[in-house]
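# Predicted structure and sequence below. I'll ask about it afterward.
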Amino acid sequence: MTNSIKLTTGSQFPTVEATLLDGTSVNLGKAHSGADWQMLVVYRGKHCPLCVRYLNLLEAHQQSLKDIGVSVSAVSADSKAQLAENMEKLTITYPIAYGLTEQQMKQLGLYISLPRSENETDHNFAEPGLFVINEQGVLQAVNISNTPFLRPELDVVVRGLSFVRSQDDYPIRGTLAY
């Protein structure tokens with residue numbers, strides 16, 4: 001068993017960079033497309049059909065998130081070739097990056113898994129994570145799972161973020177670390 005960090009809500013989100021298919025390097029914690037908040041979804045990789053489904057569902061919620069000032073990005077540890085192949089199954093318009101390193105996975109406090117075989121994938125990969133970063137670069141909300149079937153429902157996420165964004169004084173939850 002190894003020790004892992006746990007990001008604390010209310011703290012600065014770390015700088016995590018990855019690469020888009022066009023070769024552009026992006027800071028995954030930075031909002032884009034006119035938004036002031038960022039939602040980062042970490043997915044397992046092209047080998048995961050549940051991830052493909054989740055990423056496609058996220059596309060259906062992108063406009064609702066944009067309407068409340070939240071941009072969306074996704075990332076995995078897949079290679080450029082694996083992401084390019086996965087794009088054939090994805091119907092998304094938000095930025096999606098590849099090349100998340102194990103060091104970055106650990107920095108984000110993600111669970112990391114070994115592939116079951118070379119047929120699954122050729123590298124260790126991150127289990128799902130969802131991070132919401134506010135306009136100050138602070139971690140507003142986080143959900144980390146060790147399996148792809150324990151992700152938050154996107155309808156609930158959008159409704160919750162809509163509520164939080166509509167309040168002037170809604171506090172960041174879970175800021176007491178032990």
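Everything's here; your move.
# okay, CA-based contacts and neighbour counts for the rest of this
Noted.
# how about low-confidence regions in the chain?
Per-residue confidence for the chain (pLDDT under 70) gives these ranges: 1-4, 177-178.
# ok, longest helix in it?
Using DSSP state H to assign secondary structure, the helix with the most residues in the chain is helix 49-67.
# in that one, what counts as buried?
Residues of helix 49-67 classed as buried by neighbour count (16 or more other CA atoms under 10 Å): 50-52, 54-59, 62, 65-66.
# Next up, the contacts around Phe140.
One thing to correct before we go on: residue 140 is Gln, not Phe. Neighbouring residues of Gln140 by CA atoms under 8 Å, 6 or more residues apart in numbering: 9-10, 131-134, 172-173.
# Save the buried residues of helix 49-67 as TSV, and put in distance to Val16 too.
As requested, the buried residues of helix 49-67 are exported to TSV (distance: CA to CA, whole Å):
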residue	distance to Val16
Leu50	24
Cys51	21
Val52	22
Tyr54	22
Leu55	20
Asn56	23
Leu57	24
Leu58	21
Glu59	22
Gln62	22
Leu65	22
Lys66	22
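# The nearest residue to Glu17 once chain neighbours are set aside: neighbour count?
Spatial nearest neighbour of Glu17, excluding adjacent residues (CA to CA, 6 or more residues apart in numbering): Asn27 at 4.5 Å. Around Asn27 sit 13 other residues, with neighbours defined as other CA atoms under 10 Å.
# Report the central residue of this protein.
Most central residue of the chain, judged by C-alpha distance to the mean C-alpha position with CA atoms, centre = their mean, is Val41 at 1.7 Å.
# Check whether Thr9 really touches Gly137, as I assumed.
No: under the criterion of CA atoms under 8 Å, Thr9 lies out of contact with Gly137, with a separation of 11.0 Å.
# Strands of the chain, residue ranges please.
Per DSSP state E, the chain has strands spanning 17-20, 25-27, 37-42, 70-75, 96-98, 112-113, 125-126, 129-133, 139-144. These are given in chain order.
# Okay, the residue nearest to Glu17 and Ser11: tell me how far apart.
Distance of Asn27 to Ser11, computed by CA to CA, to the nearest Å: 17 Å.
# Also Asn134?
In terms of CA to CA, Asn134 sits 11 Å off from Ser11.
# Next up, the contacts around Met105.
Under the criterion of CA under 8 Å, 6+ apart, the contact partners of Met105 comprise 111-112, 126.
# Neighbour count and distance to Asn143 added to these, as JSON lines?
Supplementary listing: the contacts of Met105 in JSON lines, determined by neighbours: other CA atoms under 10 Å; distance: CA to CA, whole Å:
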{"residue": "Tyr111", "neighbour count": "17", "distance to Asn143": "11"}
{"residue": "Ile112", "neighbour count": "17", "distance to Asn143": "15"}
{"residue": "Ala126", "neighbour count": "30", "distance to Asn143": "13"}
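# ok, so of those, who is nearest Leu90?
Lowest distance from Leu90 to the contacts of Met105 (CA to CA) belongs to Ala126, with 19.0 Å.
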